[in-house]
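In: The amino acid sequence is not available; the structure is as follows:
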């Protein structure tokens, strides 16, 4: 899950980063002020945004309003010390999806983020993903198409999961690289090689190819006409 944390309190930001850093399947971007956070949220894809209200330059309510006005529908969890009834209503009124008051339990924070993520993706149990005739088993890490089952390696699984979660939109090369290697991208165009291997498994035996290359951008899944 790719998260954006917008929080000006360095100690709180550090605690959140330390908590999620030791867990698998989390990538975090960070902004210490509202303007930078808004720019990142408009530019990049995130699964959930953690947004403080009291921020320098541009407060969290203004950030939330601007994102919604620009069509960004990423779930937003307000994280703030302001617990007055009206503050909470203002947060929801500007488009926030959830509200957590400081001080908070990190496990509760994670549970709420997962709930927002599942609600947004429409995957309640997150046990499998479907795209047209293609099914991805998230537990056994296998793919199935037209009664043909394929065992996936770790990188192939991560690529296909990312493509299916983003479908029918494009998954950028940068997004895929971060999902697979985080900040340790290997030299050369290794991603292209892994895409080729994945295509050999799920596309080559069939007339229609799901994985399409979007030149200079990334890859996407395309349904049969």
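Out: Done, it's in. Values in this document were obtained by computation on a predicted structure and should not be read as measured data.

In: Who are the contact partners of residue 160?
Out: Residues in contact with residue 160 (CB atoms under 8 Å, 6 or more residues apart in numbering) are 136, 143, 152, 198, 202. Quick note: C-beta positions are derived from backbone N, CA and C, even for glycine.

In: I'd like the residues you listed laid out as JSON lines, including secondary structure, distance to residue 180 and pLDDT.
Out: Output for those, formatted as JSON lines (DSSP: H, G, I helix; E, B strand; the rest coil; distance: CB to CB, whole Å; pLDDT from 0 to 100):
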{"residue": "136", "secondary structure": "strand", "distance to residue 180": "16", "pLDDT": "93"}
{"residue": "143", "secondary structure": "strand", "distance to residue 180": "17", "pLDDT": "95"}
{"residue": "152", "secondary structure": "coil", "distance to residue 180": "13", "pLDDT": "93"}
{"residue": "198", "secondary structure": "helix", "distance to residue 180": "12", "pLDDT": "96"}
{"residue": "202", "secondary structure": "helix", "distance to residue 180": "17", "pLDDT": "94"}
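
In: List the buried residues in stretch 52-69.
Out: 52, 53, 55, 58, 59, 60, 61, 62, 63, 64, 66, 67 (16 or more other CB atoms under 10 Å).

In: Just put those in JSON lines and tack on secondary structure, distance to residue 22 and pLDDT.
Out: Formatted as JSON lines, the buried residues of stretch 52-69 follow (three-state DSSP; distance: CB to CB, whole Å; pLDDT from 0 to 100):
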{"residue": "52", "secondary structure": "coil", "distance to residue 22": "23", "pLDDT": "92"}
{"residue": "53", "secondary structure": "coil", "distance to residue 22": "28", "pLDDT": "90"}
{"residue": "55", "secondary structure": "coil", "distance to residue 22": "27", "pLDDT": "92"}
{"residue": "58", "secondary structure": "coil", "distance to residue 22": "31", "pLDDT": "93"}
{"residue": "59", "secondary structure": "coil", "distance to residue 22": "31", "pLDDT": "92"}
{"residue": "60", "secondary structure": "helix", "distance to residue 22": "27", "pLDDT": "91"}
{"residue": "61", "secondary structure": "helix", "distance to residue 22": "32", "pLDDT": "92"}
{"residue": "62", "secondary structure": "helix", "distance to residue 22": "33", "pLDDT": "94"}
{"residue": "63", "secondary structure": "helix", "distance to residue 22": "28", "pLDDT": "95"}
{"residue": "64", "secondary structure": "helix", "distance to residue 22": "29", "pLDDT": "94"}
{"residue": "66", "secondary structure": "helix", "distance to residue 22": "33", "pLDDT": "93"}
{"residue": "67", "secondary structure": "helix", "distance to residue 22": "29", "pLDDT": "94"}
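
In: got the contacts of residue 160 as a markdown table, with distance to residue 20 and neighbour count columns?
Out: Below are those laid out as a markdown table (distance: CB to CB, whole Å; neighbours: other CB atoms under 10 Å):
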| residue | distance to residue 20 | neighbour count |
| --- | --- | --- |
| 136 | 24 | 24 |
| 143 | 28 | 23 |
| 152 | 25 | 21 |
| 198 | 28 | 23 |
| 202 | 31 | 22 |
